[in-house]
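[1] Sequence and predicted structure are below.
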Amino acid sequence: AILNVIDRDGRAHELEAVEGWRVMEILRDYKVGIEGVCGGSCDCATCHVVVAPDWAKRLPEPREDEIDALDTLPLIEATSRLSCQIIWSDDLDGLTLTLAEAA
Ligand code: FES
């Protein structure tokens, strides 16, 4: 299944995503510009992405700790998410997101 990513230079990437992986891990392994410093424990917010609005509503709601971590960032958008908190499943085929500017 395909994860569509717009990187910080505006370039589009189509990544082959694997069921059960965190989206952060997929972005990190393809080296599109996400570090995931804390390894996915909702602590660093370096995995911040902005999900395309029509996809955002198809994702499970963020948990409290994700909302709290997003709130520490200087600039977030209505569909900002921490990509380590999005677990890939093949129903998400075609999901589109943009990498947020590094904080
Ligand atoms: Fe650190 Fe997502 S990888 S908050």
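    Nice, I can see it. All of these numbers come straight from a predicted model, not from anything done at the bench.
[2] Angles on the backbone of the residue nearest the centre of the chain, please.
    Closest residue to the average C-alpha location of the chain: residue 83 at 2.8 Å, with C-alpha atoms, centre = their mean. Here is the backbone geometry of residue 83 (degrees, to the nearest 10): phi -70, psi -20.
[3] Then the one 5 residues further on?
    In terms of degrees, to the nearest 10, the main-chain angles of residue 88 are phi -70, psi 130.
[4] Please name the residues that touch it.
    Residues near residue 88 by C-beta atoms under 8 Å, 6 or more residues apart in numbering: 1, 3, 17-23, 26. Backbone N, C-alpha and C define where each C-beta goes, glycine included.
[5] how about 10 Å then?
    Counting by C-beta atoms under 10 Å, 6 or more residues apart in numbering, residue 88 touches 1, 3, 15, 17-23, 25-26, 95.
[6] try residue 10
    residue 98 are the contacts of residue 10 under C-beta under 10 Å, 6+ apart.
[7] what secondary structure does it sit in?
    coil (DSSP: H, G, I helix; E, B strand; the rest coil).
[8] okay, it: pLDDT?
    What the model reports as pLDDT for residue 10 is 97.
[9] mean confidence for stretch 58-67?
    Rounded to a whole number, the mean pLDDT of stretch 58-67 is 96.
[10] Pretty sure residue 81 sits against residue 59.
    Yes - using C-beta atoms under 10 Å, residue 81 is in contact with residue 59, at 7.0 Å.
[11] any shared contact partners between those two?
    23, 51.
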